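A.B. asks: give the three-dimensional model of this entry:
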Amino acid sequence: MRIVDAASFGSALRKQRKRLGYTQAQVAAFSGCSAVFLSALENGKPTAELGRALRVANTLGINITANQRNGDAL
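C.D. replies: The predicted structure follows:
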């Protein structure tokens with residue numbers, strides 16, 4: 001899935017969480033954030049703290065990579 005904004009990032013997190021069968025409360029506990037934060041993140045909050053958002057992605061087994069638009073790695 002290509003992530004282009006906070007909404008698509010949140011959607012990817014929600015999709016993976018549901019695929020794994022976890023509740024928001026479980027993922028929040030595993031990643032050290034609140035369920036309120038996770039809910040806001042999944043709903044595309046554009047001002048979510050990057051460090052915590054990456055920790056949630058890591059908890060869900062999602063790799064985040066950065067590439068140039070031509071596909072080359074940075």
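A.B. asks: same for the helix or strand where residue 9 lies, what does it pack against?
C.D. replies: Here residue 9 sits within helix 6-20, counting by DSSP states H and E. Using 3 or more C-beta pairs under 8 Å, 6 or more residues apart in numbering; DSSP states H and E, the elements in contact with helix 6-20 are helix 35-42, helix 50-59. From N, CA and C alone the C-beta is placed, and that goes for glycine too.
A.B. asks: 10 Å instead?
C.D. replies: Applying 3 or more C-beta pairs under 10 Å, 6 or more residues apart in numbering; DSSP states H and E, one finds that helix 6-20 makes contact with helix 24-31, helix 35-42, helix 50-59.
A.B. asks: give me whichever of those is most buried.
C.D. replies: Of all the helices and strands packed on helix 6-20, helix 35-42 has the most neighbours on average by mean count of other C-beta atoms under 10 Å, namely a mean of 18.
A.B. asks: check contacts around the residue lying closest to residue 40 once chain neighbours are set aside.
C.D. replies: Once flanking residues are discounted, residue 40 sits nearest to residue 48: 6.3 Å by C-beta to C-beta, 6 or more residues apart in numbering. The neighbours of residue 48, taking C-beta atoms under 10 Å, 6 or more residues apart in numbering as the test, are 6, 9-10, 33, 37-38, 40-42, 56.
A.B. asks: if we can go back for a sec, list the buried residues in the helix holding residue 9.
C.D. replies: 6, 9-14, 16-17 (16 or more other C-beta atoms under 10 Å).
A.B. asks: now render the residues you listed as JSON lines, adding pLDDT and distance to residue 67.
C.D. replies: Shown next, in JSON lines, are these (pLDDT from 0 to 100; distance: C-beta to C-beta, whole Å):
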{"residue": "6", "pLDDT": "96", "distance to residue 67": "19"}
{"residue": "9", "pLDDT": "96", "distance to residue 67": "16"}
{"residue": "10", "pLDDT": "97", "distance to residue 67": "21"}
{"residue": "11", "pLDDT": "96", "distance to residue 67": "20"}
{"residue": "12", "pLDDT": "96", "distance to residue 67": "16"}
{"residue": "13", "pLDDT": "97", "distance to residue 67": "20"}
{"residue": "14", "pLDDT": "97", "distance to residue 67": "23"}
{"residue": "16", "pLDDT": "97", "distance to residue 67": "20"}
{"residue": "17", "pLDDT": "97", "distance to residue 67": "25"}
